[in-house]
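Participant: one predicted model, sequence on top.
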Amino acid sequence: MNEVKKEELVPVRKSLHQAIQLVSAVPRNILPKDPTDGMSSLEWNTQLESLESLPITNDHGEIRVGLKFETFALYITVDHDSKVALELSGRSVDQGLTWLKAELAKYDISSESINLDLPYEIENYDYSKILQVNNEALTVFGQLYQMTAEVLADITRKWEEAFDIRCWPHHFDLATLIPLETDQENEITKSIGIGLSPGDDGINEPYVYVNIWPQVEVATLQQHKLAQGDWNTEGWSGAVLPYSQMSETDHLGKAFEQFTSAVIDILLQETK
């Protein structure tokens, strides 16, 4: 893991978070509406190390918009073939949207239908603000999301009921959900969530998390000592493994696997 201080990741995380709104805006405004905003969720492309939109299919083929972390570039693919790209460093989201509309129009996707009206709020979100990033921090985020995608893929193979691995543009986390119990209407009544957050107001650095719903008393979980990571104490039941601990190891995937496996075992034990 590159030695980048967690404080140096914050402005880059915010720029990435704003940039992915461009990626999710296309399917959100084109695909059929989903009350969960699921049509705007993103997929991690392990080959390009990028976040991509769900596909929009028309006579031109399967069209996707993506954001490549390494170069901080917005791009368009048709049938997985890269067509055009725009580096966003030194540009604003507004400028990215103008470029995106013009390019998508070439594939008969109406520019009038695409906007950045979000069904949620993002802290300090400013369409006109110039986006700034640095290569070292971009590399760290690329490594973290790539690792997460690979480990979650193994987890979803083990848990056949697990949801598809998606990045949700509201919180920018890459995650899956494992339903454990459902009611007679097939509504989920018990579940475990596993993923990576790039950081937020509560924990201002990237972290791996495992949570369970319904919640378990914090005091109950704290009876179990974790070899790595910490129990979360506010808002939800589960544990976190922060970047500052992950960066101490060269085996990110192994640390992720060991942490999630240990926490899942404890959560299942306490909710039998």
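Facilitator: Yes, it's here. Numbers count the residues shown, from 1 in each chain.
Participant: so, low pLDDT: which residues of this structure?
Facilitator: Low-confidence segments of the chain, defined by pLDDT under 70, are located at 1-2.
Participant: how is it divided into domains?
Facilitator: As given by automatic domain parsing, the domain ranges for the chain are 6-113, 135-270.
Participant: mind putting those domains into a markdown table with distance to residue 129 and mean neighbour count?
Facilitator: Backbone N, C-alpha and C define where each C-beta goes, glycine included. Compiled in a markdown table, the domains of the chain are given as follows (distance: least, Cβ to Cβ, whole Å; neighbours: other Cβ atoms under 10 Å):
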| stretch | distance to residue 129 | mean neighbour count |
| --- | --- | --- |
| domain 6-113 | 6 | 18 |
| domain 135-270 | 17 | 17 |
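Participant: got TSV for those, with distance to residue 120 too?
Facilitator: Below are the domains of the chain laid out as TSV (distance: least, Cβ to Cβ, whole Å):
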stretch	distance to residue 120
domain 6-113	8
domain 135-270	5
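Participant: out of these, which is closest to residue 128?
Facilitator: Checking the domains of the chain against residue 128 by Cβ to Cβ gives domain 6-113 as the closest, at 5.3 Å.
Participant: start to end distance for that closest one?
Facilitator: 38 Å (Cα to Cα, to the nearest Å).
Participant: can you give the distance of that domain from its chain's centre?
Facilitator: Counting by Cα atoms, centre = their mean, to the nearest Å, domain 6-113 is centred 13 Å from the centre of its parent chain.
Participant: which residues sit in contact with residue 189?
Facilitator: 181-183, 214 (Cβ atoms under 8 Å, 6 or more residues apart in numbering).
Participant: and for residue 177?
Facilitator: Contacts of residue 177 by Cβ under 8 Å, 6+ apart are 162-163, 191-193.
Participant: just to revisit the earlier point, between the domains of the chain, which one is closest to residue 121.
Facilitator: Each of the domains of the chain has some distance to residue 121 by Cβ to Cβ; the shortest is domain 135-270, at 8.8 Å.
Participant: straight-line length of the closest one, end to end?
Facilitator: So domain 135-270: terminal residues 43 Å apart, Cα to Cα.
Participant: how distant is that domain from the center of its chain?
Facilitator: Taking mean C-alpha positions (Cα atoms, centre = their mean), domain 135-270 and its chain are 12 Å apart.
Participant: next SSE downstream of the host helix or strand of residue 139?
Facilitator: Per DSSP states H and E: residue 139 is located in helix 135-158. On the C-terminal side of helix 135-158, the nearest following helix or strand under DSSP H and E is strand 166-168.
Participant: packing partners of that next one?
Facilitator: Contacts defined by 3 or more Cβ pairs under 8 Å, 6 or more residues apart in numbering; DSSP states H and E place strand 166-168 against strand 42-45, strand 173-182.
Participant: for the protein, which segments count as strands?
Facilitator: 42-45, 50-53, 56-58, 61-68, 73-78, 81-87, 166-168, 173-182, 188-197, 207-213, 230-231, 237-242 (DSSP state E).
Participant: what inclination does the fifth one have with respect to strand 61-68?
Facilitator: An angle of 160 degrees separates the directions of strand 73-78 and strand 61-68 when computed by axes from the mean of the first three to the mean of the last three Cα atoms, to 10 degrees.
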